[in-house]
Structure formats: structure tokens, C-alpha cells
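**Student:** return a 3D structure for these sequence lines:
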Amino acid sequence: MTTSQSREVSLPHRSTPLRSGLKSYLPRVVPAIALAFVAMPLEGCAVAAFPCRIASATLKIVPVVGHATAVPFDACAAAID
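**Tutor:** Below you'll find the model as predicted:
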């Protein structure tokens, strides 16, 4: 008695070179694009003052001493503007 059974051979899934290239490229590009969109509305001196303002805003989150430590960064941004 002979029975024929069909066996499907499953091949391992291989990613294409394009797909693997995008996986390594996107994590570096997405933050750069996001930063560009944040900085795009800024003009002239505001671009130079942007790091001072980010540092100031970050320090102001810290309770008790945050506002005192952010004063030099506020002065930096004011001087640039």
C-alpha cells in the first residue's frame, strides 16, 4: 500500500539586503529628521540660543534647585537673542 503524502518544504525567511539596510539606517535618521522639524521654525539667533533654552528647561524640572541652576542658561539665551 503506497500513499503519497505531500510535504511542503518551508524555506527560512531571509530578509532582503534593502530591508536589512533600512533597519540599520532608520534609527539614525529618524532623530535627525525630528530635530530638523523642531529647529526649522527657528531663525537666526534662535538657532544658537536653542541649546541654552533646552538646558534651562531641563534643569527647571528638578525640584528645589532647578530654577536657581537654570539662571545661567536663561542668561545665555537672553545674551544670544
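
**Student:** secondary structure class for residue 35?
**Tutor:** helix (DSSP: H, G, I helix; E, B strand; the rest coil).

**Student:** next, count neighbours for it.
**Tutor:** 11 (other CB atoms under 10 Å). To be clear about C-beta, it is placed using only N, CA and C from the backbone, and glycine gets the same treatment.

**Student:** the one 5 residues further on too?
**Tutor:** Residues near residue 40, counting by other CB under 10 Å, number 9.

**Student:** ok, it to residue 47 distance?
**Tutor:** Going from residue 40 to residue 47 by CB to CB, to the nearest Å gives 10 Å.

**Student:** and residue 59, by the same measure?
**Tutor:** 21 Å.

**Student:** more neighbours: which of the two?
**Tutor:** Comparing residue 59 with residue 47 by neighbour count (other CB under 10 Å), the higher total belongs to residue 59, at 18 against 12.

**Student:** skipping adjacent residues, who's closest to the more buried one in space?
**Tutor:** Distances taken as CB to CB, 6 or more residues apart in numbering place residue 70 nearest to residue 59, at 4.1 Å, with adjacent residues excluded.

**Student:** show me what counts as buried in the helix or strand containing the one you found.
**Tutor:** Using DSSP states H and E, residue 70 sits within helix 66-80. Within helix 66-80, the residues that count as buried by 16 or more other CB atoms under 10 Å are 70, 73-74, 76-77, 80.
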